[in-house]
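Participant: Sequence and predicted structure below; questions after.
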Amino acid sequence: MGTNDKILVIDDEEAVRTSFQMYLEDSGYRVILAENGRQGTELFDSESPQCVLVDLRMPEMGGHEVIEYISRADENVPIIVVSGTDVLEDAIKALRKGAWDYLTKPVLDMAGLLHRVEETLERSRLIRQNQMYREHLESLVKSRTEELENTNRALSRAVYNTVVILTQTIEAKDPYTRGHSLRVSEYSVAIGKRMGLDRKSIQILRLGSLLHDIGKIGISSSVLNKPGRLTSKEYDLIKEHTIIGERILQNVDFFKPILPLVKSHHRWHDGNGYPELERGNDVPLESEILSVADVYDALTSDRPYRGAMSRDTALSVLKEVSGTQLSPDIVKLFIDQRIYDIEHSKNIMADIEILPDRV
């Protein structure tokens, strides 16, 4: 029984108010009485009843207005209309405005009234419990999502720290390429953004460019840093770095999306270059972007066998190999958009966007 439930009775007939009060209080409810709609809405605000019984025809404020007011304030408070009018339109209007049930006066079956009150109160409790459960579930999901995002951020930072270490390892092995991977990454990302690539492709470009030469770890320093022209055998060893790089990274799920870049950044636009691709496989767009960035930075950097070229000379070389070694569209964009003029970072981590999700 509802010993803790409070019921507001709004009716301009004193006899009705009194009879409802006596019966409901005998049934264990606390009852508040209002003789008109205005007083009823004021008591609703101050007393916060769990159920409202309301007449429709009252002075100062009619029942329809009361129903509308209470429904706006809290749609989960059950409203039972107890009215002397049996006009169907009145009942429909009351239900549309938010009433939960409708009884006509005189109420001869008080037990039936009590049953309606208990039924609507139980329905209200179930609705509130479901709402609380849903809010709790939403809060729990939000909390778990935040925990997962924090875990993914921590994982991403750990992976990126690994990227930094690997990049520094490449440069320690081949000091002539110091800063090369970072500059290539910045060029590649700039090209990708100008081309309108999505976030995932940009991230693939960023990581793939940073680690495109990781396979040089497996190449002898005497070959990498040889000041003179390489023999045919030595050049074949150098070409192995694309396969070695793929092999180093292939067992780490996080790096799988960048494997095509690591393996095919020396494949030419016209199908030449190395290594040979399996039949039916095309060079990915990200790899063609990386190739342009890689060639330009290699040309403008000191190497054991030659000094750095000037910017103009390097751009002329890009134009010469456009359509054969390099994609003509990407070369044109690189030159027309003056991407070669971008300002370079000195910190790998400063250039990396920490994403909560994996590539």
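Facilitator: Structure received. Residues are numbered from 1 along each chain as shown.
Participant: so what are the domain limits for this structure?
Facilitator: Here the domain assignment for the chain is 6-108, 150-351, based on automatic domain parsing.
Participant: so what does the top helix by length along the chain touch, helix or strand wise?
Facilitator: Assignment by DSSP state H gives helix 110-173 as the longest helix of the chain. Secondary-structure packing of helix 110-173 (3 or more C-beta pairs under 8 Å, 6 or more residues apart in numbering; DSSP states H and E): helix 14-26, strand 51-54, strand 79-83, strand 101-104, helix 180-194, helix 199-210. For every residue, glycine as well, the C-beta is placed using N, CA and C.
Participant: Can I get the domains of the chain in a markdown table including mean pLDDT and mean neighbour count?
Facilitator: What follows is the domains of the chain, written out as a markdown table (pLDDT from 0 to 100; neighbours: other C-beta atoms under 10 Å):
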| stretch | mean pLDDT | mean neighbour count |
| --- | --- | --- |
| domain 6-108 | 89 | 18 |
| domain 150-351 | 85 | 17 |
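Participant: Quick one: closest of these to Q131.
Facilitator: Counting by C-beta to C-beta, Q131 lies closest to domain 6-108 out of those; the figure is 7.3 Å.
Participant: Between the two ends of that closest one, what distance do you get?
Facilitator: Domain 6-108 stretches 23 Å from its first residue to its last (C-alpha to C-alpha, to the nearest Å).
Participant: coming back round to it: need the domains of the chain in JSON lines (columns: distance to E118).
Facilitator: Below are the domains of the chain laid out as JSON lines (distance: least, C-beta to C-beta, whole Å):
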{"stretch": "domain 6-108", "distance to E118": "9"}
{"stretch": "domain 150-351", "distance to E118": "47"}
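Participant: among the ones you listed, which is nearest L126?
Facilitator: Closest of the domains of the chain to L126 is domain 6-108, at 10.1 Å (criterion: C-beta to C-beta).
Participant: how far out from the middle of the chain is stretch 120-130?
Facilitator: 34 Å (C-alpha atoms, centre = their mean, to the nearest Å).
Participant: How about stretch 264-281?
Facilitator: Relative to the centre of its chain, stretch 264-281 is centred 36 Å away, using C-alpha atoms, centre = their mean.
Participant: now do stretch 233-242
Facilitator: Here the centre of stretch 233-242 is set off from its chain's centre by 43 Å, with C-alpha atoms, centre = their mean.
Participant: send the alpha carbons of it over as PDB?
Facilitator: The C-alpha coordinates for stretch 233-242 follow below in PDB (Å, rounded to 0.1, in the frame of the first residue of the first chain):
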ATOM      1  CA  LYS A 233      75.100  -6.700 -55.800                       C
ATOM      2  CA  GLU A 234      75.100  -3.900 -53.200                       C
ATOM      3  CA  TYR A 235      72.200  -2.200 -54.900                       C
ATOM      4  CA  ASP A 236      70.300  -5.500 -54.700                       C
ATOM      5  CA  LEU A 237      70.900  -5.500 -51.000                       C
ATOM      6  CA  ILE A 238      69.600  -2.000 -50.600                       C
ATOM      7  CA  LYS A 239      66.500  -2.900 -52.400                       C
ATOM      8  CA  GLU A 240      65.800  -5.600 -49.800                       C
ATOM      9  CA  HIS A 241      65.000  -2.900 -47.200                       C
ATOM     10  CA  THR A 242      61.400  -2.700 -48.400                       C
END
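Participant: got a list of contacts for it?
Facilitator: Applying C-beta atoms under 8 Å, 6 or more residues apart in numbering, the set of residues contacting stretch 233-242 from outside is 213, 215-216, 218-220, 223-224, 226, 230, 262-266, 274-275.
Participant: Just the ones of those in helices?
Facilitator: Among the contacts of stretch 233-242, the ones falling in helices (DSSP H) are 223-224, 262-264.
Participant: Contacts only, for the closest residue to I80 other than its chain neighbours.
Facilitator: In space, I80 comes closest to D101 once its chain neighbours are excluded; the distance is 4.5 Å by C-beta to C-beta, 6 or more residues apart in numbering. Contacts for D101 (C-beta under 8 Å, 6+ apart) come out as 78, 80-81, 116, 119-120.
Participant: Okay, helices next: where are they in the stretch 201-350 of the chain?
Facilitator: 221-224, 232-239, 241-249, 259-264, 285-299, 311-321, 328-336 (DSSP state H, counting those that start in this stretch).
Participant: For V321, which non-adjacent residue is closest in space?
Facilitator: Distances taken as C-beta to C-beta, 6+ apart put V295 closest to V321, at 7.4 Å, once the chain neighbours are dropped.
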